[in-house]
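Q: give the three-dimensional model of this entry:
(chains A and B)
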Amino acid sequence: MKILVISLLRLGDILLATSVLRSLRRANPKSEIHILINGQFQSVAQMIPFVDKVYAFDRDGIQRIIGATDRNLLEAYFRIEDLVEQMQSEKYDQVVNLTHNRLSGWLTALIGCGDTRGVVFGSNGKLTAGSGWFDYLNDFIEPGSGNVFHFVDVFHYGAGLQNSDRRIELYETQNGIEFARQTLSNSMLQKRILIQPCTSETKKTLNPQKWREIGTTIAQSEPGVSVYVLGSPSEKNIIDQICSSTPLLPVICDLEQAYSLLNNCNLLVTCDTSIKHLATATKIKILEISIGSSEYKKTGAYIQGAVILQGLVPCAPCNHRGPCTQSSHLCSEKISSEMVAMVCGAMMRQDEGALRMLAHEYQEDIALLRTHINFSGDWAAVPLGQEFSAKAINSWVDRVSFKLYLQKEHEKSIGEYGSEGIELKKLLENIFPDRSSQDWVTELKSLERDVIWFESRVESFLSKLKGLLGEFHDVSRLQQYMEELEIFCLEARRSKLFESYGRQLFLSLQDTNQNSGAFQTVKKLRERLSHAHQRARIELKLIHGLQTGFTEAL
Amino acid sequence: MDLEFLKCKDNQWVPIVNGTLLHSTVDPYKEARDLIDLEWDRISTVQTLIVFGIGGGYHIEEILSRKSLNIVVVEAEKDLAQAMAEKKPELFKKIEVLSGFPPAQIYLESKIISALSSSYAILLHPASMRVSSYYYNAVSQVLNQRTLVRLRELSQGNPNLNRFLKSLNISEDQILTLPMVEEAMARQGSGFDREGLIWMTMRELVV
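A: Residues are numbered from 1 along each chain as shown, chains lettered A, B, ... in the order given. This is a model prediction of the structure:
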């Protein structure tokens, strides 16, 4: 069996994709696995296990040819054709496209394979995702959109992989091992903290002065610890600026050397960087500072026990495109060097109580979260010190209901409601450890009432839709129906509990607006409303399960 | 054309055209190495390399010492090409040299058509460009024109692409742009075959 995995975004995305490569290898031990990545990241290939062949897409080169008027346009055409011909000759049995964009959709179509997972264009020029999970990715692509699943989990479910062990594994190179040995041999101190300050976008990191303060405060508050500041050769000036006249130790290295350093240090402090994803393949503790357009829910450190610190401002997370739109970098201003140093100290001492205390103390400025991976392998960032509310509870119930729906548990004779429900209960108790069973029962009853009300509203819209069948000649009736549904969607989107439903129904309304045929419109609406109805029913089942669990404890 | 050869210190010959030295007389090999180092990433992955300027051949020898590439040399000065063929016959066995062609005809040469039908890059020999900049710029323009008629001619070695370009209902003298191809495909409504998919992939790369 020959499988191709496509990952045509950035380095961090390739590292996340390695988790899928590992799972594919485990599910198909005798298979040949190839990967298609952007040519500029080809050097990382030597660190990726489970891959038999790497194909490079020279995106930058082709883009330059297309953009330059003094280059022949056909040169770009032939470059793509050459690559495609090579890949077609491989005759893949399965293609897994983990890149959620149109470019990869066209390329996947060109490679041509009967079994394709992920976005692909059909011969009619229409994009299909192949799995509800990839549609889910599309529906929740906007920054800050709900309590969503991590990309690694979505990739696994979307690719039809069932394993719960989804860790990221990488090779350590001899070059890296030797570099780490030499770099760390100068330090007499046994404990080491790595700071990696630079990111691909400036709005995703703190300014050099703040990093300098953070590093110095950590060095002062953690005697007996060496603090290294890590950067690539192109970041040398910033690293030197941060370290000059401080006890901080600059380290300039490449990716494989950085990986070996991470393997030999105790704690990494970084933002949303590829180094963070590298670190998840080691045993180092990770403190991720999530600011700007970083979306920890989708791309946080995919490992059990990492800590995420997010600056709380209404504009975060912002859109990837464009610079920060505020008068100053508000999300980074919420993060102080003392706060970061205290979190580092608590992590080094493995003092969970201190972390929770810090989360409460700074709850107006930051959210402090701990990453958790449950029995079925699903990653979550669990807030420490979150306020107990129906909204907070429901965001987790909503997430699990999505998973059960997308996994089509409602179509199975015995769905996995019980085991998912138990995991959900454990997760909720972890988030709100001090709540009594009575508190839970009261809150869940109120939540149940709301979900029943919502379900009945969706049901009534479904029945009205049935009434419209055969009445297509009366355009005004369908128009009136759609106006009512739009108002309902807006209400749902603004509500505390049903925002994700509102978003999905709203998207279907947008879709249908582009379709002119009444039949197609009704069909699409029915599909989406049934989806929402089914999910609301799953949500109710989960709430009943939780109620039973907490009532038994009473 | 005024052509002479100057012997440099390693007993190597460096051509002088109209008073311009085409290579360093101190160390032409090092100079060639430096040039190719700069260009290597761009030129090493293509199927055919078109070199503007034979010079003393040092830059071409440097390329061939690194990788056995299919090389087509376009030389403005026929006399220089002939002289170099005598001085370096072994090198001339490994490459194709087109010399003395008017720029407007060069794309009709089978070697060039074959190069343009595969992946190719153009390497400029800086000193040759200084001597005959008018000629090379004209050749470059001819090779890179993007009118539909020119692209069709250039795609003659690729029947599927040629057929695809013919199927687009676009005026032949128009400069082809990617959005234009997309619009034409949508207008034709003929579905997305392999060639159409490649054009759509290119379309996505337009920033």
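
Q: where do the strands sit along chain B?
A: Applying DSSP state E to chain B gives strands spanning B:3-7, B:13-17, B:20-21, B:48-52, B:70-75, B:96-99, B:120-124.

Q: same list (these) but as a markdown table, adding distance to A:Val227 and mean neighbour count.
A: For every residue, glycine as well, the C-beta is placed using N, CA and C. A markdown table is the format used below for these (distance: least, Cβ to Cβ, whole Å; neighbours: other Cβ atoms under 10 Å in any protein chain shown):
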| stretch | distance to A:Val227 | mean neighbour count |
| --- | --- | --- |
| strand B:3-7 | 61 | 13 |
| strand B:13-17 | 57 | 21 |
| strand B:20-21 | 56 | 16 |
| strand B:48-52 | 50 | 23 |
| strand B:70-75 | 54 | 22 |
| strand B:96-99 | 61 | 18 |
| strand B:120-124 | 47 | 21 |
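
Q: tell me the secondary structure for A:Leu368?
A: Look at A:Leu368: counting by DSSP: H, G, I helix; E, B strand; the rest coil, its state is strand.

Q: just the strands in the stretch 1-150 of chain A please.
A: Remark: strands assigned in the stretch 1-150 of chain A by DSSP state E, counting those that start in this stretch are A:2-7, A:32-38, A:53-57, A:94-97, A:116-117, A:120-121, A:127-128.

Q: quick check: A:Leu16 vs A:Arg79, distance?
A: From A:Leu16 over to A:Arg79 the distance is 27 Å, taken as Cβ to Cβ, to the nearest Å.

Q: what do you get for A:Asn319?
A: 31 Å.

Q: looking at those two, which is more packed in?
A: A:Arg79 (23 against 12; other Cβ atoms under 10 Å in any protein chain shown).

Q: so that one sits right up against A:Ile65, yeah?
A: Yes - with contact defined as Cβ atoms under 8 Å, A:Arg79 counts as touching A:Ile65 (7.4 Å).

Q: measure A:Leu368 to A:Cys315 for me?
A: Distance of A:Leu368 to A:Cys315, given as Cβ to Cβ: 20 Å.

Q: more neighbours: these two, which one.
A: Remark: of A:Leu368 and A:Cys315, A:Leu368 carries more neighbours, 26 against 14, as counted by other Cβ under 10 Å.

Q: can you list the weak-confidence ranges in chain B?
A: For chain B, residues meeting the criterion pLDDT under 70 lie at B:9, B:104, B:107-108, B:113, B:115-119, B:144-146, B:173-175, B:190, B:207.

Q: break it into its domains for me.
A: The record's domain parsing of chain B by automatic domain parsing lists B:3-144, B:148-204.

Q: okay if I get these as a markdown table plus distance to A:Gly160?
A: Shown next, in a markdown table, are the domains of chain B (distance: least, Cβ to Cβ, whole Å):
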| stretch | distance to A:Gly160 |
| --- | --- |
| domain B:3-144 | 35 |
| domain B:148-204 | 25 |
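
Q: now those domains as CSV including distance to chain A?
A: Listed next are these as CSV, based on distance: least, Cβ to the nearest Cβ, whole Å:
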stretch, distance to chain A
domain B:3-144, 5
domain B:148-204, 4
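
Q: if we can go back for a sec, out of the strands of chain B, which comes closest to A:Phe140?
A: Checking the strands of chain B against A:Phe140 by Cβ to Cβ gives strand B:120-124 as the closest, at 42.5 Å.

Q: so what strands line up beside the closest one?
A: In the sheet, strand B:120-124 lines up against strand B:48-52 (parallel) (DSSP bridges).

Q: from the rest of the structure, what touches the partner strand?
A: B:43, B:59-60, B:63, B:69-74, B:112, B:114-115, B:118-125, B:128-129, B:136, B:139-140, B:143 (Cβ atoms under 8 Å, 6 or more residues apart in numbering or on different chains).

Q: returning to that earlier point: deepest of the strands of the stretch 1-150 of chain A, which one?
A: Highest mean neighbour count of those: strand A:94-97, a mean of 26 (counted as mean count of other Cβ atoms under 10 Å in any protein chain shown).

Q: helix or strand with the lowest mean pLDDT in chain A?
A: One helix or strand of chain A scores below all others by mean pLDDT, DSSP states H and E: helix A:499-514, with a mean of 78.

Q: any buried residues in that one, and which?
A: Using 16 or more other Cβ atoms under 10 Å in any protein chain shown as the test for burial, helix A:499-514 gives A:Glu499, A:Ser500, A:Tyr501, A:Gly502, A:Arg503, A:Gln504, A:Leu505, A:Phe506, A:Ser508, A:Leu509, A:Thr512.

Q: before we move on, what about stretch B:60-69?
A: For stretch B:60-69, the neighbour count (16+ other Cβ under 10 Å) marks B:Ile60, B:Glu61, B:Glu62, B:Ile63, B:Leu69 as buried.

Q: not counting its neighbours along the chain, what's nearest the last one?
A: Leaving aside its sequence neighbours, B:Leu69 sits nearest to B:Leu49 (Cβ to Cβ, 6 or more residues apart in numbering or on different chains; 5.1 Å).

Q: that neighbour bridge partners, please.
A: Counting by DSSP bridges, B:Leu49 is bridged to B:Ile71, B:Ala121.

Q: A:Pro14: neighbour count?
A: In this structure residue A:14 is Ile, not Pro. A count of nearby residues for A:Ile14, using other Cβ under 10 Å, gives 24.

Q: and it, how far is that from A:Glu411?
A: Separation of A:Ile14 from A:Glu411 (Cβ to Cβ): 35 Å.

Q: how long is stretch A:137-152 from one end to the other?
A: By Cα to Cα, to the nearest Å, the extent of stretch A:137-152 from end to end equals 11 Å.

Q: what's in contact with it?
A: Stretch A:137-152 has contacts (Cβ under 8 Å, 6+ apart) with A:13, A:16, A:19-20, A:100, A:129, A:136, A:154, A:157-158, A:166, A:168, A:293, A:295, A:297-300, A:302, A:316-320, A:378-380, A:395-396, A:398-399, A:402-403, A:499-500, A:503-504, A:507.

Q: ditto for stretch A:74-83
A: The contact list for stretch A:74-83 (Cβ under 8 Å, 6+ apart) reads A:55, A:57-58, A:61-62, A:65-66, A:110, B:47, B:116-121, B:151, B:154-155, B:158, B:161, B:198-199, B:201-202, B:205.
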